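A.B. asks: Here's a sequence, model it:
(2 chains)
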Amino acid sequence: MKRVIIEKKILERNDESAKKIREILKNRGVFALNFMASPGAGKTTIIEKTIEALKDNYRISYIDGDLDTDRDASRIKKLGIDVVQINTSGACHLDADMVLRALEQVSLDCDILIIENVGNLVCPATFDVGANKNVVILSVPEGDDKVKKYPVMFNVADVVLLNKIDLLKFLNFDVERVKKELKEINPDADFIEVSAKEGYGLDRWFEYVRNLIENSSLL
Amino acid sequence: MHEGAIAESIVDILKQVKEENKLNRIVKVRLKIGKMSGVMVDALLFALEALRTEEDVVESTEFEVTETDVKARCNLCNRVYEYTDISDIVMLCEQCGMPLDIIEGKEMKIIDVEGE
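C.D. replies: Predicted coordinates:
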């Protein structure tokens, strides 16, 4: 019997690819945002509004991860920006190799790269895809108990958007509970309340993205 | 269930270990999975079990998993907090009010491999 000590990270390959992505993006001066949320939380709608608000001042490219179909990608394509669709054919998350392959197709003559991960509040949290910031969206109909139920996802968030706050008046949802639990699981995360449908809070979010981009170029 | 992808990564690494060490068979593999890694141990073992029939390298391999608690440290006073249940995690130091750094509990590792 032979014993081999390896102490090897299981996701080492993914982490190496994520590092490569960061290098490529840095060399091209591209800032990447990775959007993660449950299905139906409003990822694509928030991304659409963000692109509409920022596309006159910034060049934006978009990579969409979906189990199947190109519905999200077609919505974004209508806005006239460069879109690459990754069909994960069943995989519940994007990984760094998938994004690395997509980088060969998407235009990197851009300032912002938006990565829309697969709709899922669990699996995408485990895989670094080489983005500069993780944006996690929670929506009011999902309930105010989700932060502690999905601690791994909320722990990797750089910013949490609470979407559909126009529905607060119809539902029993305690925003303060979400803020408190987010502070506990991730004290550094920023928190912005929005309604992508009604427009509430979106200006604050757009300003937040502008600041991220402007500050990153100073580095 | 992303544990399927994690199991495939493990099998890829084991193929390499088998070849590099000229092993005929991998008998036992010890894994360390942190409670904050986002991996459910039962689901991972299920996925590894399912790969047995497809991947010769793990055909008769025994997997032993150690699940690690979450440890987080205050960088100001160095106090270390330990959490067995991840829904109890509070990433702020009770004394200093400073955000804590996770020092253990996010890892996913192959510790060692026994083969013949």
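A.B. asks: which SS state does the spatially most central residue of chain A fall under?
C.D. replies: With the centre of chain A defined as its mean C-alpha position, the nearest residue by Cα atoms, centre = their mean is A:Phe35, 1.4 Å away. Classification of A:Phe35 by DSSP: H, G, I helix; E, B strand; the rest coil places it in strand.
A.B. asks: Now do the contacts for it.
C.D. replies: By Cβ atoms under 8 Å, 6 or more residues apart in numbering or on different chains, A:Phe35 lies in contact with A:43, A:46-47, A:114-117, A:135, A:137. Placement of C-beta: from N, CA and C, glycine included.
A.B. asks: out of those residues, which are inside strands?
C.D. replies: Per DSSP state E, strands hold the following members of the contacts of A:Phe35: A:114-116, A:135, A:137.
A.B. asks: I'd like to know which of these is nearest to A:Gln85.
C.D. replies: A:Glu116 (9.9 Å; Cβ to Cβ).
A.B. asks: what separates the closest one from chain B, distance-wise?
C.D. replies: Taking Cβ to the nearest Cβ, to the nearest Å as the measure, A:Glu116 falls 17 Å from chain B.
A.B. asks: Tell me who's in contact with residue 81.
C.D. replies: Because you didn't say which chain, this covers chain A. A:51, A:55, A:60-62.
A.B. asks: The intended chain is chain B.
C.D. replies: Per Cβ under 8 Å, 6+ apart, neighbours of B:Tyr81: B:71-74, B:90, B:93, B:100.
A.B. asks: cool, B:Leu31 as well?
C.D. replies: A:10, B:10, B:44, B:63-66, B:108-111.
A.B. asks: got it, and A:Leu103?
C.D. replies: A:21, A:24.
A.B. asks: where do the strands sit along chain A?
C.D. replies: A:2-9, A:31-37, A:60-66, A:82-87, A:112-116, A:133-139, A:159-163, A:190-193.
A.B. asks: What of chain B?
C.D. replies: Using DSSP E, the strands of chain B run over B:26-34, B:62-68, B:70-74, B:80-83, B:100-104, B:108-115.
A.B. asks: Rebuild these as JSON lines, extending it with mean pLDDT.
C.D. replies: Below are these laid out as JSON lines (pLDDT from 0 to 100):
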{"stretch": "strand B:26-34", "mean pLDDT": "97"}
{"stretch": "strand B:62-68", "mean pLDDT": "97"}
{"stretch": "strand B:70-74", "mean pLDDT": "98"}
{"stretch": "strand B:80-83", "mean pLDDT": "97"}
{"stretch": "strand B:100-104", "mean pLDDT": "97"}
{"stretch": "strand B:108-115", "mean pLDDT": "96"}
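A.B. asks: And those strands: which comes nearest A:Asn163?
C.D. replies: Among the strands of chain B, the nearest to A:Asn163 by Cβ to Cβ is strand B:100-104 (27.4 Å).
A.B. asks: Say whether chain B is contacted by stretch A:168-186.
C.D. replies: Yes - Stretch A:168-186 reaches chain B (Cβ under 8 Å from any Cβ of the partner chain) through A:183-186.
A.B. asks: To what extent is residue 83 buried, counted in neighbours?
C.D. replies: Using chain A. Using other Cβ atoms under 10 Å in any protein chain shown, A:Val83 has 22 neighbouring residues.
A.B. asks: The intended chain is chain B.
C.D. replies: 19.
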